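Novice: Any chance you can model this:
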Amino acid sequence: MFHKQRTQLNNVVKASFIVSSKLAKALKPFAEREFIKECMLEVCGVLCPEKKNEFEKITLSRRTVVRRIEMMATMANDIKTTLTDRMAGFESFSIALDESTDLSDTAQLAIFIRGIDKEFTVTEELLALQPLKATTTEKDIFNEVQKVFTSFGQPWSKLIGVCTDGAPSVVGLRKRFIGILTEKATELSVQKDDLIVLHCIIHQQNLCSKSIRLHNVMNVVVKTINFIRSRGLNHRQLKTFLDEISAEYNDVTYYCEVRWMSKAKMLKRIYELRNEIADFMKIKDKPLSELSDPKWIFLVELTGYLNDLNLKLQKQGQLVNDLYSHLKAFQIKLRLWESQMQSGNSYHFNTLSAYENIAYAQYAEELKLLSEQFSNRFSDFKNMKECFNLFATPSKCNEQNAPIHLQMELIEI
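Specialist: Next up is the predicted model:
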């Protein structure tokens, strides 16, 4: 009996936090929480009146929510204290920097830290999310990082690696963040000769994907999506049309350049609805002959392969040698596909093989260009291949092919 009552109480508190969290994320005022509770009670009285008493116990008053926010602030301070104590025991650490702009056009600098102590316990946390309300120059970024290090009492002397998003204000050996860090290495006690600077492996993979030159095909597809989704009438008519013919999907998806994985999802959805979209565009007197062109079919499958690689790189708990292995395997696949295309074989592009008049030479050239992009962009990882053997085959490593600072840090980019 007591266990049941405690469970009900916990569920009531959890429900209150869930509603408060949803409203906070939607930037709604506190006063709307009481209105939502009234709606919940009305709905409960119709659907499940026997549980109305439980819904009445959910506290969403303004005073309660404010008190919980203060409680969460106290918990945040406790988390910071715990993280500070853990960071004090780091033998060495690396940081990752990512600068982006939020919906309010405010630049946000995300600072991640990954460190290791004497017991080889690895700690990886989001250290801070610093808003850059004015300029986003290299000095601003350096000052924000230094401010965060000072607040956590973290010395620069234990820094052995920096991973960046490749932004112009971060990379660069002279005037950028890395340049400032190198110039102040003596002052900050940073071992600049042992400092490892790498460009984020996922960002580089995305930049390689942009080298595909089938822009004429992509532009037609994006223009079609915008014609449908940007006009309310067209969008409603398409959804009604797909519903009437019982299509597999009831809508098409937008493509966002920032979220690069949306390209493959959008192209795949267009391919699966190609016949329905072609009929709809004919009704709108905008026929699309490109939907029967095998060029964009090749683009669909190739972006699908790139998305699969991206998902592999995003998996947690991987060391840098695992990520580099995924890249090497994909580069081998690219060379294989290029060789097959040159010989008129589209075995690994199943959808494309169903078409006639396939431009094998053009596809082979695209695969060659993509392979070259991977080789050029990941040269920094290739130069450190011997160091990665420490993680791949630790029993075969020695101090000559694995620097001591790498032995103290399990680097994960």
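Novice: contacting residues for S289?
Specialist: Going by CB atoms under 8 Å, 6 or more residues apart in numbering, S289 touches no other residue. For every residue, glycine as well, the C-beta is placed using N, CA and C.
Novice: in terms of contact, does T101 touch Q108 like I think?
Specialist: Yes: counting by CB atoms under 8 Å, Q108 is a contact partner of T101 at 7.1 Å.
Novice: the more surrounded of these two?
Specialist: Under the criterion of other CB atoms under 10 Å, the comparison of T101 against Q108 puts Q108 first, with 15 against 12.
Novice: quick check, that one in a strand?
Specialist: Yes: judged by DSSP: H, G, I helix; E, B strand; the rest coil, Q108 forms part of a strand.
Novice: My guess is it contacts L129. True?
Specialist: Yes: using CB under 8 Å as the test, Q108 is close enough to L129 to be in contact (5.7 Å).
Novice: quick check: mean pLDDT across stretch 301-320?
Specialist: The predicted model assigns stretch 301-320 a mean pLDDT of 85.
Novice: next one: stretch 237-253
Specialist: Per-residue pLDDT over stretch 237-253 has a mean of 80.
Novice: Ok, stretch 198-206 next?
Specialist: Taken as a whole, stretch 198-206 has a mean pLDDT of 83.
Novice: Likewise for stretch 125-145?
Specialist: For stretch 125-145, the mean per-residue pLDDT is 84.
Novice: where does it sit relative to the chain's centre, distance-wise?
Specialist: Averaging C-alpha coordinates over stretch 125-145 and over its chain gives two centres that are 19 Å apart (CA atoms, centre = their mean, to the nearest Å).
Novice: Could I have the CA atoms of it written out in CSV?
Specialist: These are the backbone C-alpha positions of stretch 125-145, laid out as CSV (Å, rounded to 0.1, in the frame of the first residue of the first chain):
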residue,chain,number,x,y,z
GLU,A,125,31.1,16.7,-20.5
LEU,A,126,29.7,19.8,-22.0
LEU,A,127,31.7,22.3,-20.1
ALA,A,128,29.8,25.5,-21.0
LEU,A,129,27.6,27.1,-23.6
GLN,A,130,28.8,30.7,-23.9
PRO,A,131,26.7,33.3,-25.8
LEU,A,132,28.7,35.7,-28.0
LYS,A,133,26.3,38.6,-28.2
ALA,A,134,28.6,41.0,-30.0
THR,A,135,31.4,39.9,-32.4
THR,A,136,32.6,36.4,-32.9
THR,A,137,36.3,37.0,-33.6
GLU,A,138,39.1,34.8,-32.5
LYS,A,139,39.8,37.0,-29.5
ASP,A,140,36.2,36.7,-28.3
ILE,A,141,36.4,32.9,-28.6
PHE,A,142,39.7,32.8,-26.8
ASN,A,143,38.5,35.1,-24.0
GLU,A,144,35.3,33.0,-23.5
VAL,A,145,37.3,29.8,-23.3
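Novice: List of residues touching it?
Specialist: Here stretch 125-145 makes contact (CB under 8 Å, 6+ apart) with 83, 95, 97, 99, 106-113, 147-148, 151-152, 169-170, 172, 175-177, 179-181.
Novice: Narrow these to those in helices?
Specialist: When the contacts of stretch 125-145 are checked against helices (DSSP state H), the matches are 83, 147-148, 151-152, 177, 179-181.
Novice: The helix or strand encompassing Q130 pairs with which strands, parallel or anti?
Specialist: Under the criterion of DSSP states H and E, Q130 resides in strand 122-132. Using DSSP bridges, strand 122-132 pairs in its sheet with strand 107-116 (antiparallel).
Novice: in the stretch 301-413 of the chain, which spans are helices?
Specialist: In the stretch 301-413 of the chain, the segments counted as helices under DSSP state H, counting those that start in this stretch are 320-342, 360-377, 379-383, 385-392, 404-407.
Novice: Those: which one's closest to I225?
Specialist: Across the helices of the stretch 301-413 of the chain, I225 has its closest neighbour in helix 360-377 (22.5 Å, CB to CB).
Novice: wait, what's in contact with the spatially closest residue to L313 that is not a sequence neighbour?
Specialist: Nearest residue to L313, sequence neighbours excluded (CB to CB, 6 or more residues apart in numbering): I202, at 5.2 Å. Counting by CB under 8 Å, 6+ apart, I202 touches 310, 313-314.
Novice: and those residues, which are buried?
Specialist: Among the contacts of I202, those classed as buried by 16 or more other CB atoms under 10 Å are 310, 313.
Novice: how close does L311 sit to Y271?
Specialist: Distance of L311 to Y271, given as CB to CB, to the nearest Å: 19 Å.
Novice: give me the low-pLDDT residue ranges for this structure?
Specialist: Residues of the chain meeting the criterion pLDDT under 70: 1-9, 23-31, 33, 60-78, 103, 166-175, 216, 255-262, 394-413.
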